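Engineer: Below is the structure, and that's it, no one-letter string:
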């Protein structure tokens, strides 16, 4: 099953959703700002993406700039920041068959379909 972690207010996320709709494949939408992720779920996503937690952070968000920027944070603290402030999570994230991508640009989603 394909899953997209989606923020309807984000244009890239909407473009990613459109790619999935056009694919005609079944998928699930997780509106992660409403259905917040726990640490275990977020760690699993980071593992599937094969990136460091910091690479999933939206560093231009005011929450990041005001509370975390310039601090020497360990991975667990970064994950906690994203769990507590889901706006910090880069989007969209698409998972399919134990593979995952951040849909930036949205066409990257095609790589795992």
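Structural biologist: Happy to help now that I have it. This structure is a prediction, so every number in the text was calculated from the model and none was measured. Residues are numbered from 1 along each chain as shown.

Engineer: After the biggest helix by length in the chain, which helix or strand is next?
Structural biologist: In the chain, with assignment by DSSP state H, the single longest helix is helix 11-23. Using DSSP states H and E, the helix or strand that follows helix 11-23 in sequence is strand 27-30.

Engineer: partners of that next one in the sheet?
Structural biologist: Strand 27-30 sits in its sheet next to strand 2-5 (parallel), going by DSSP bridges.

Engineer: How about residues contacting the strand it pairs with?
Structural biologist: 13, 16-17, 20, 25-30, 32, 37, 45, 89, 91-96, 103, 113 (CB atoms under 8 Å, 6 or more residues apart in numbering). Any C-beta I mention is one placed from the backbone N, CA and C, and that applies to glycine too.

Engineer: again, only this time at 7 Å
Structural biologist: 16-17, 20, 25-30, 32, 91-96 (CB atoms under 7 Å, 6 or more residues apart in numbering).

Engineer: now stretch 18-35
Structural biologist: If you take CB under 7 Å, 6+ apart as the criterion, stretch 18-35 is touched by 1-8, 86-87, 89, 106, 109-110, 113.

Engineer: what about 6 Å?
Structural biologist: 2-7, 86, 106, 109, 113 (CB atoms under 6 Å, 6 or more residues apart in numbering).

Engineer: Over to stretch 64-71?
Structural biologist: 81, 88.

Engineer: Would you mark the buried spots in it?
Structural biologist: Using 16 or more other CB atoms under 10 Å as the test for burial, stretch 64-71 gives 64, 68.

Engineer: first vs last residue of that stretch, how far apart are they?
Structural biologist: 10 Å (CA to CA, to the nearest Å).

Engineer: do the same with stretch 82-102
Structural biologist: 15 Å.

Engineer: Likewise for stretch 21-37?
Structural biologist: 24 Å.

Engineer: chain center to it, what's the gap?
Structural biologist: With CA atoms, centre = their mean, to the nearest Å as the basis, stretch 21-37 stands 11 Å off its chain's centre.
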